[in-house]
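**Student:** Only the shape, not the letters, is given here:
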């Protein structure tokens, strides 16, 4: 139990623990609340007669209207603090809601569907332990002239391939010693600066330091205020950082205006493309099967996050400095104009605030950024670095490869297997209020009919409001429409509906056939965009129980109901994907590959919200 | 003549003038060389009996093999300095090649085709002057209760709409006073910090300063050396910055390896989408009709370019600080990996070097960046800011608009007209040598045939080498192939062909019908990618004479020859485009909208070229 608790606390929240009454309703559970959850559940299911493990413990989010009502009067009593708990109890899965103030389990359901909860460290450790004690495995290692202390094992989820009956198990249900393949050379793969061998280099200047104490933002009850932005930051075991209640100050209206109620990475699907035994199952759901935050790592000041960054621990134990918050100065220009005739030149340098977490999912490091700009844009950036998943092969040159391989020879005896990354963001926009619509703006080529005009064509826009979920399924291809979430009840003074536009990033789409089992489970990536009516239970695009799932509880299934989404509280789901054909430069550690997308205010403000930005006071290097 | 000369010198090059023998063969013409060109041409065509104006003067680029041969032995005699001159002489267009060492005109051709050369300041001034002295225009202004001193006029190119006979003229061949429309309010449109009225707005921290004198790069004969990169910087009247001879140091091979022989923005096509009289002609070729560098503006230290930037004048006169070169620290991560089990964490912060020019084309400001990264990637970034081209309308609210308009009401009585921007880059890659091929890597979905594997599909890559120009015309849509320039004669030790991959940016395609006259002239934007065999004369995708051109000398026409491009010295042309549906936030000055693309080494290096990057020595804020 001690060890299980350790894992749960690892998911806990940051900042010092405090009395509940001072908590924001969307704050993650505090260390003391985690302890209380454990105590309440242990009293409910005493361990002396139950085999019990905690697979997930997180905030049971209050209903949105309750949070908003509290926000309108923050001195009022906040909603009761509750936890959502997923247990394995006597080989069954249970979902509990624990009320922390009433100190009781207020709901307890046995889950009877397919699929199993997130795997935690203990599951992995138990599995690997089995292998390391397995006689035939030990003799295989000896036969290769290796010492067991040199061998590292890890397990992978097993997926679902049409079986009628499935168990909760990892990829170690049987042991086969299939082939002896030359071990790739270790030489040249050490990436530590302390072990660099010649030729070393290059060496670069460091970024200049910020003046001491200059962070640029304020932090109050997990609410970050910076420039014209304000948002709440929390942390969840399954999805990592959660940004809530993002609102922007409108100087004309002299008030903060709502933009985004809640946003996080709902799942991260990574199918590898090697169809052979031992590899075909490698189609991982990092969030749903493992929990993205399970892989949070401590960030290194000045290298992972620049000067001036504030680091945030995932308290109370394991991951110090798991997130950072910093002002970003890119050297870009926020806006400028030169009027040569009137001898005017006005330029404002770009600046933004970034919340960053790095999730090192065994080999890959995902750098996950939420960036807020004074212009009202929110940028979601994913940096992909770390180590490729590689396969040992007998070949040291492509000339020797006569059969189909499933990736690139990136080093001697080493294939970097081709794969995809699909990140599905949950984007609960509330543009100037709850009731929003989803608008597709198409650019249509038109013929000119006026005989006096010798030009033949032009384009103009046509707007379409999505009535139901079917209207809002978008696979981004060539000439995609512009996609907006608008508030049909709010107009600018000029009569334009206020809105936010999705500016998509890389629009890679799934290449697996839709009848493929992994793709059935990942059907939420079949479109780049989906829009659903707000439903507190529809948090995770891949469903609640993803390990060995059968795709019966995904975003794709929910939207089959084809619910009405016009002028309603709606949630946009956006999948940014990329195909990765590996190359030698990706080895042994891959230079960061970045993809991202932007939410951009569109007729939300009466005019540019940064027009009146005061030019910054530049500092000189102190003498 | 003095005034014409002024314009030409405006296009001249930067850095101090020097004796020719010290010049790099690709250096722009020096101020003294410009004077010599003028003297030689004036002797050739004495002004006492000729009406002469200089429309373009630039370096007549030596043949590539000549440059490369000089590079292999830089102490040898450099190729002769020559200038390419376009004149209007007695109402005709002439193309001259002037040899500066022989002080003579070595070639003089009368151009008999359609189209006219770049318009220079004098053309514009003469046109506007006509208007400001035109009686009917002056009475129109008086009738509106305005004073002529409050009125600003500018001319626009007239294009071609199927006329059999065309003259060299601007859009002022007749005068019509079509409509009196309420003048949009000036209130709220002043963007100068000195005039900000409340509510003023957010104020932000400045970026931290670099230590004095720390630029990070070296400059020698217009060759910039920084980290593992080396490249030559020049400047041309028509296309702006020209980056040549970019090569990267390979620590394994202990030598610099060629990547890119020459790159610049070949043209910039901006069609507006209002088909009515007075607007339908607004389909501008900024480079071909005006010269992109004609609009270079002085950059503001610390705001246009960050601390540590080195500014470069376009000498000898008008545009000081027209370009800047600076190290960029973005706060991103170059690469990282945490190995939790082995307690290893290695992180290298990102850094790059940027060459920037801003071209303020009347209303719009284009921020043009060439960014070189230690990873071997080259990023081409375009930031679009400045002022929209707007049209006055009687309406102050969208409710009043009953007829079709061609943009968004962005302020009272002000429509921001819909339009596109297409930037066509000339990318003469020489990947590890001249002889290269263009490879399309397609990701193909395949069915799994092995009955023992329950998974149904996967994807794998298929490579195709383009044989001729037709094979290399790519319109980027959904699931585009990966596009590479490879060297078929060079392999890594592992047997992969060395290459560079184009990572496309926004893939907006033209929406005008292909029979439309502006699109016929801009047919080089019909594909995103084209590949041609190197031909020194094929510099400008829109042709040599673009004003009133008929599309008979564009990249689209050249490639109809369908020349062989396999294992040859080839040039890639890439068009990055975006459609701009305006919004209120774009007014009165538009927050920067960025688009870009990347050239990325792909199996060019044996392993990650930044693996052995030494961690930077961080500085503290001095006490």
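**Tutor:** Received, thanks. Everything quoted here is computed from the prediction, not taken from an experiment.
**Student:** does the helix or strand harbouring residue A:358 come close to chain B?
**Tutor:** Per DSSP states H and E, residue A:358 falls inside strand A:352-361. Yes - counting by CB under 8 Å from any CB of the partner chain, chain B has neighbours in strand A:352-361: A:354, A:358, A:360. (Each C-beta comes from the backbone N, C-alpha and C, glycine too.)
**Student:** In stretch A:382-394, which residues are buried?
**Tutor:** Across stretch A:382-394, burial judged by 16 or more other CB atoms under 10 Å in any protein chain shown covers A:382-391, A:393.
**Student:** so how far is the first residue of it from its last?
**Tutor:** 34 Å (CA to CA, to the nearest Å).
**Student:** what's the answer for stretch A:67-82, then?
**Tutor:** Stretch A:67-82: ends 13 Å apart by CA to CA.
**Student:** can you check stretch A:502-509 too?
**Tutor:** For stretch A:502-509, the end-to-end distance is 17 Å (CA to CA).
**Student:** Not including adjacent chain positions, what is the nearest residue to residue A:378?
**Tutor:** residue A:599 (4.6 Å; CB to CB, 6 or more residues apart in numbering or on different chains).
**Student:** ditto for residue A:214
**Tutor:** Using CB to CB, 6+ apart, the closest residue to residue A:214 is residue A:308 (5.7 Å).
**Student:** cool, residue A:530 as well?
**Tutor:** Per CB to CB, 6+ apart, closest to residue A:530 is residue A:573, 4.5 Å.
**Student:** ok, the one you found - contacts?
**Tutor:** A:266, A:424-427, A:524, A:529-532, A:541, A:555 (CB atoms under 8 Å, 6 or more residues apart in numbering or on different chains).
**Student:** and if we set it to 6 Å?
**Tutor:** Contacts for residue A:573 (CB atoms under 6 Å, 6 or more residues apart in numbering or on different chains) come out as A:424, A:530, A:541, A:555.
**Student:** From the residues you listed, which land in strands?
**Tutor:** A:424, A:530 (DSSP state E).
**Student:** Report the secondary structure element holding the residue most central in space within chain A.
**Tutor:** Residue closest to the average C-alpha location in chain A (CA atoms, centre = their mean): residue A:265, at 2.9 Å. Assigned by DSSP H and E, residue A:265 belongs to strand A:255-271.
**Student:** what's that strand in contact with?
**Tutor:** Contacts of strand A:255-271 (CB under 6 Å, 6+ apart): A:239, A:242-244, A:246-250, A:283-288, A:420-430, A:432, A:518, A:522, A:525, A:540-542.
**Student:** possible to save the residues of strand A:352-361 next to chain B as CSV with neighbour count?
**Tutor:** Below are the residues of strand A:352-361 next to chain B laid out as CSV (neighbours: other CB atoms under 10 Å in any protein chain shown):
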residue, neighbour count
A:354, 20
A:358, 30
A:360, 21
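**Student:** can you list those in JSON lines and add pLDDT?
**Tutor:** Listed next are the residues of strand A:352-361 next to chain B as JSON lines, based on pLDDT from 0 to 100:
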{"residue": "A:354", "pLDDT": "98"}
{"residue": "A:358", "pLDDT": "96"}
{"residue": "A:360", "pLDDT": "94"}
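**Student:** what's the closest of these to residue A:493?
**Tutor:** residue A:354 (33.0 Å; CB to CB).
**Student:** That closest one and residue B:616: what is the separation?
**Tutor:** 20 Å (CB to CB, to the nearest Å).
**Student:** what does residue A:82 give?
**Tutor:** Residue A:82 sits at a distance of 47 Å from residue B:616 (criterion: CB to CB).
**Student:** Need the three-state assignment for residue A:76.
**Tutor:** When classified by DSSP: H, G, I helix; E, B strand; the rest coil, residue A:76 comes out as coil.
**Student:** Setting aside sequence neighbours, what's the nearest residue to it?
**Tutor:** residue A:70 (6.1 Å).
**Student:** neighbours around the one you found, how many?
**Tutor:** By the measure other CB atoms under 10 Å in any protein chain shown, the count of residues near residue A:70 is 18.
**Student:** And the average pLDDT for the helix or strand that contains it is what?
**Tutor:** Assigned by DSSP H and E, residue A:70 belongs to helix A:64-72. Averaging pLDDT along helix A:64-72 gives 95.
**Student:** just checking, next helix/strand downstream of that helix?
**Tutor:** strand A:82-89.
**Student:** Relative to residue A:555, how far out is the residue nearest to residue A:530?
**Tutor:** 6 Å.
**Student:** can you check residue A:549 too?
**Tutor:** The gap separating residue A:549 from residue A:555 is 13 Å, by CB to CB.
**Student:** Can you name the residues that contact residue A:454?
**Tutor:** By CB under 6 Å, 6+ apart, the residues touching residue A:454 are residue B:161.
**Student:** try 10 Å this time
**Tutor:** Counting by CB atoms under 10 Å, 6 or more residues apart in numbering or on different chains, residue A:454 makes contact with A:448, B:159-163, B:280-281, B:516-517.
**Student:** Quickly check the residues you listed for the two that are furthest apart.
**Tutor:** Most distant of the contacts of residue A:454, by CB to CB, are A:448 and B:163, 16.9 Å apart.
**Student:** Compare the two (neighbour count), which wins?
**Tutor:** Using other CB under 10 Å as the criterion, residue A:448 and residue B:163 rank with residue A:448 on top: 17 against 14.
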